[in-house]
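Asker: any chance you could fold what I've pasted below:
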Amino acid sequence: MSRRAAARLVLAALCSTVLSLGTAAVAAGAAPSLSATAAVLYAPQTGQILYGLNDQREVAIASTTKLMTALIVLQHVHHLGTIFTQNDFYPAAADSQIGLVPGERMSVHDLLIAMMLPSADDAAEDLADNVGDGSLARFVGMMNAEARTLGLSHTHYSTPIGLDTPGNYSTASDLVHLAEYDFTHSPYFARIVALHSAVLHTGPVGEVVNRNDLVGAVPWINGVKTGHTAAAGYVLVASGQRSGMTLISAVLGTDSEESRDANTMALLDYGFGDFALRTPVHAGQVLARPAVKDRPGVHAPLAAAESFSRVLGRSDRVRVEGDAPKQLIGPLPAKSVVGTAAVIAGGRVIGRVPLMVTRALPRVSGLTVTARILTRPLILGIIVLLAAGTVGLRRSRRRRDRRVRGAVTEMEAA
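Answerer: Below you'll find the model as predicted:
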């Protein structure tokens, strides 16, 4: 199995686990009241859903569809300077576009920027047509296959653009997981969605501006994608980083750009204000020191086998309790797991970390055990008494023997 395929399986499993937790995964202060059809707030570093509003409802997603379009293109085009030729697509006047005409040539690098920042439908059409070898249906099939691979079980595509067409839908939860995957698997994607504007060196326009107007206006927001259609309303998948924590939000079905932005900011401010990424256990941290049997005064350090991080409410009190034997018996190889450490927050166990011995514990030989037993004070006292008794007995026997010999000598002399 390739590394990328393995990563996809891990993500699919993570999606399943996180979604099963639902909105009860974390609790903090009062959540914001949103004017959206669906919304979610996700912490990708730990896979936690911090807030959900109809987050698994299948809804129209408009141009956030292009999160998958970009992923497929980046998986199949490895030289972004590759030039594509526009097909005979003519967008409607109301569509977002950069004015591509049939036969126009443009680099994949610039087409991706045009698709992700001003959300150009003609750029998305150009990319899909070329990567799909002249077949949009083939490209859409690739999109749906990738959605299945990533475990996005409530997502289906019928267009690479995001227009209101039957069968093109997703959920707030699937969208944030897809955005996370895009971020982590393409530095280029992460770089362009964080741009307020960009200069294009090919195509009909020289500069484009990001429709996500929070990028540039809010310093800590670094993406991701807007969308708008009659069926979807105003949609925004957004990402932010503050104080070492990353959050990804999605709001769908808002009634204006202002409402879209306000709902997004309410979610992100709630996340960064009420929660923090905390690491109560670090890999290698010694959390217990049990005694070693038959080795007086020797204690074996037990260290955490891995770190444990979790996004928690800022007011949550966290403690770590080790659960390990009071005494260890050798031999034990280094890194043997002999216990666990429970991480407790809000009065409940939120995770467990294996505890392992930091170095090998050798077997104690029988001779050493015997010597240690014999050198114990009580045993020494008994031995001394026995020895003294034995010496006394021998002396008594010698005195008796001398008396007997003396008596015999006297009898012989008589």
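Asker: give the contact list for the nearest residue to Ala230 once chain neighbours are set aside.
Answerer: Take Ala230 and drop its neighbours on the chain: the residue closest to it by Cβ to Cβ, 6 or more residues apart in numbering is Asp164, 6.2 Å away. For the C-beta atoms, the positions are set from N, CA and C on the backbone; glycine is no exception. For Asp164, the contacting residues are 60, 62, 229-232, by Cβ atoms under 8 Å, 6 or more residues apart in numbering.
Asker: neighbour-wise, which of those leads?
Answerer: Among those, the one with the most neighbours (other Cβ atoms under 10 Å) is Ala62, at 26 neighbours.
Asker: next one: that one from Asp274, what distance?
Answerer: Ala62 is 29 Å from Asp274, where distance means Cβ to Cβ, to the nearest Å.
Asker: does the residue nearest to Ala230 sit in a helix, a strand or a coil?
Answerer: Recorded secondary structure, Asp164: coil (DSSP: H, G, I helix; E, B strand; the rest coil).
Asker: per-residue pLDDT, it?
Answerer: pLDDT for Asp164: 95.
Asker: phi, psi for it please.
Answerer: Main-chain dihedrals, Asp164, degrees, to the nearest 10: phi -70, psi 90.
Asker: returning to that earlier point: redo the contacts of Asp164 as TSV? Include pLDDT.
Answerer: Formatted as TSV, those follow (pLDDT from 0 to 100):
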residue	pLDDT
Ala60	98
Ala62	97
Thr229	96
Ala230	96
Ala231	97
Ala232	98
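Asker: just the ones of these in strands?
Answerer: Thr229 (DSSP state E).
Asker: export the contacts of Asp164 as a markdown table, with columns for distance to His156.
Answerer: Below are the contacts of Asp164 laid out as a markdown table (distance: Cβ to Cβ, whole Å):
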| residue | distance to His156 |
| --- | --- |
| Ala60 | 11 |
| Ala62 | 15 |
| Thr229 | 16 |
| Ala230 | 19 |
| Ala231 | 14 |
| Ala232 | 14 |
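Asker: relative to Gly203, which of the contacts of Asp164 is nearest.
Answerer: The shortest approach to Gly203 among the contacts of Asp164 belongs to Ala62, at 23.0 Å (Cβ to Cβ).
Asker: please report the distance of the closest one from Asp88.
Answerer: Distance from Ala62 to Asp88, by Cβ to Cβ: 24 Å.
Asker: equivalent analysis for Ala128, please.
Answerer: 14 Å.
Asker: more neighbours: which of those two?
Answerer: Ala128 (27 against 9).
Asker: got the phi/psi numbers for that one?
Answerer: phi -60, psi -40.
Asker: thought it was touching Phe139?
Answerer: Yes. Counting by Cβ atoms under 8 Å, Phe139 is a contact partner of Ala128 at 4.2 Å.
Asker: which neighbours do these two have in common?
Answerer: Common neighbours of Ala128 and Phe139 (Cβ under 8 Å, 6+ apart) are Pro160.
Asker: before we move on, the earlier item: how much space between the residue nearest to Ala230 and Ser63?
Answerer: For Asp164 relative to Ser63 (Cβ to Cβ), the value is 11 Å.
Asker: identify the contacts common to those two.
Answerer: In contact with both Asp164 and Ser63: Thr229, using Cβ under 8 Å, 6+ apart.
Asker: what domains does the record give for this protein?
Answerer: 3-276, 282-357, 376-413 (automatic domain parsing).
Asker: distance from the longest one to the middle of the chain?
Answerer: Taking the mean C-alpha point of domain 3-276 and that of its whole chain, the gap between them comes to 20 Å (Cα atoms, centre = their mean, to the nearest Å).
Asker: what does the second one give?
Answerer: Averaged C-alpha coordinates place domain 282-357 at 21 Å from its chain's average position (Cα atoms, centre = their mean).
Asker: next, the contact list for Leu117, please.
Answerer: 192-193, 195, 197-198, 208-211.
Asker: which among those residues end up buried?
Answerer: 192-193, 195, 198, 208, 210-211 (16 or more other Cβ atoms under 10 Å).
Asker: output the residues you listed in CSV; the columns should cover distance to Ser107, pLDDT and secondary structure.
Answerer: Below are those laid out as CSV (distance: Cβ to Cβ, whole Å; pLDDT from 0 to 100; DSSP: H, G, I helix; E, B strand; the rest coil):
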residue, distance to Ser107, pLDDT, secondary structure
Ile192, 13, 98, helix
Val193, 18, 98, helix
Leu195, 16, 98, coil
Ala198, 13, 98, strand
Val208, 14, 97, strand
Asn210, 19, 98, coil
Arg211, 21, 97, coil
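Asker: which one of those sits closest to Ala147?
Answerer: Looking across the buried ones among the contacts of Leu117 and measuring by Cβ to Cβ, the closest to Ala147 is Val193, at 19.6 Å.
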